[in-house]
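Asker: Any chance you can model this:
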Amino acid sequence: MTALITLKNISKTFLTEEIETRALNDINLVINKGEYIALSGQSGCGKSTLLSLLGLLDAPSGGHYQLAESDVSSLTRDQRANIRCEKVGFVFQSFNLISDLTVFENVMLPLTYQSNKSKVEIENKVNEVLAKVEMSHRKNHFPSQLSGGQQQRVAVARALVNDPSIILADEPTGNLDSKNAEAVLQLFDLLHQDGATICMVTHDPASAKRASRCLEMFDGQLIKDQLNEDRTDNVNPAELAVG
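Answerer: Numbers count the residues shown, from 1 in each chain. So this is what the prediction gives:
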């Protein structure tokens, strides 16, 4: 397998009012291209901090982070933003769609920061990913006109539109009922089957079983890293249409 991400002795410390909090402590991790990883652990264990570092939303306090053969440990905020725009797709629990933009405009947004694409190329790409998540028929609607499950599928489309090296999902089913959660998880199964690299933070053991590899954190450290022999990925594309 080919390594996409390599973390060596990564630490993250936060200083607030002269109090030092060690959020991550000596993290060593390799994520290979095409892996589907579930990251679990108790609240406050460092999952979200690790996801922020993986997505270049923040920088480590120590250690080395290599992404696609480039060391990104000590980049400036602007440098991280440029690489993040090109190589990372995010899916959040709260969807994070912009309320006064249509579905099409929300999905298009990441591409507006890339000056090398024409208007036709952008429109074609947006239509392509909306079709992949079964949301083409809603492209002129606003987020408030969609169900939670539909909003999350739009968020997945937005994460896919820049052809990212990795998709980072933070509790992507946390705000959904069981039926819509299953539809979103089946979408992730399909993306993984198509070769996507996914790292998903989840508290739900059933969701974690969808992944090919399970990581567990405790007090800022990785305490478990194992292949998922009980993986379930019974994909039924028809269920993606759940609203």
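Asker: Low-confidence regions, the protein specifically.
Answerer: 115, 232-243 (pLDDT under 70).
Asker: what sits against the residue nearest the centre of it?
Answerer: By Cα atoms, centre = their mean, the chain has its centre lying nearest to L168, at 1.6 Å. Counting by Cβ atoms under 8 Å, 6 or more residues apart in numbering, L168 makes contact with L51, L54, G55, V88, G89, F90, V91, C199, M200. Placement of C-beta: from N, CA and C, glycine included.
Asker: Kindly recompute the last result at 7 Å.
Answerer: Taking Cβ atoms under 7 Å, 6 or more residues apart in numbering, we find L168 in contact with L51, L54, G55, V88, F90, C199.
Asker: Restricted to strands, list these.
Answerer: V88, F90, C199 (DSSP state E).
Asker: From what I see, the first one and I167 are in contact.
Answerer: The one in question is V88. No - the criterion here is Cβ atoms under 7 Å, and V88 misses it with I167 at 8.0 Å.
Asker: Which parts of this protein are strands?
Answerer: 3-16, 19-32, 36-41, 62-67, 70-71, 88-92, 166-170, 198-201, 213-218, 221-227.
Asker: Take the ones you listed and write them to a markdown table, including distance to P110.
Answerer: Output for the strands of the chain, formatted as a markdown table (distance: least, Cβ to Cβ, whole Å):
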| stretch | distance to P110 |
| --- | --- |
| strand 3-16 | 19 |
| strand 19-32 | 21 |
| strand 36-41 | 22 |
| strand 62-67 | 17 |
| strand 70-71 | 20 |
| strand 88-92 | 8 |
| strand 166-170 | 13 |
| strand 198-201 | 17 |
| strand 213-218 | 27 |
| strand 221-227 | 30 |
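Asker: of all those strands, which lies closest to P143?
Answerer: Nearest to P143, of all those, is strand 88-92, at 13.1 Å by Cβ to Cβ.
Asker: Tell me the strands beside the closest one, with direction?
Answerer: With DSSP bridges as the test, strand 88-92 is paired with strand 166-170 (parallel).
Asker: Can you show me the CA trace of the strand it pairs with as PDB?
Answerer: Only the C-alpha atoms of strand 166-170 are listed here, as PDB (Å, rounded to 0.1, in the frame of the first residue of the first chain):
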ATOM      1  CA  ILE A 166      -8.600  12.400   1.700                       C
ATOM      2  CA  ILE A 167     -12.100  13.000   3.100                       C
ATOM      3  CA  LEU A 168     -12.200  13.900   6.800                       C
ATOM      4  CA  ALA A 169     -15.700  13.400   8.400                       C
ATOM      5  CA  ASP A 170     -16.400  14.500  12.000                       C
END
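Asker: If I take it and strand 3-16, what angle do their directions form?
Answerer: Strand 166-170 and strand 3-16 are oriented at 40 degrees to each other (axes from the mean of the first three to the mean of the last three Cα atoms, to 10 degrees).
Asker: Flag every buried residue along strand 166-170.
Answerer: Within strand 166-170, the residues that count as buried by 16 or more other Cβ atoms under 10 Å are I166, I167, L168, A169, D170.
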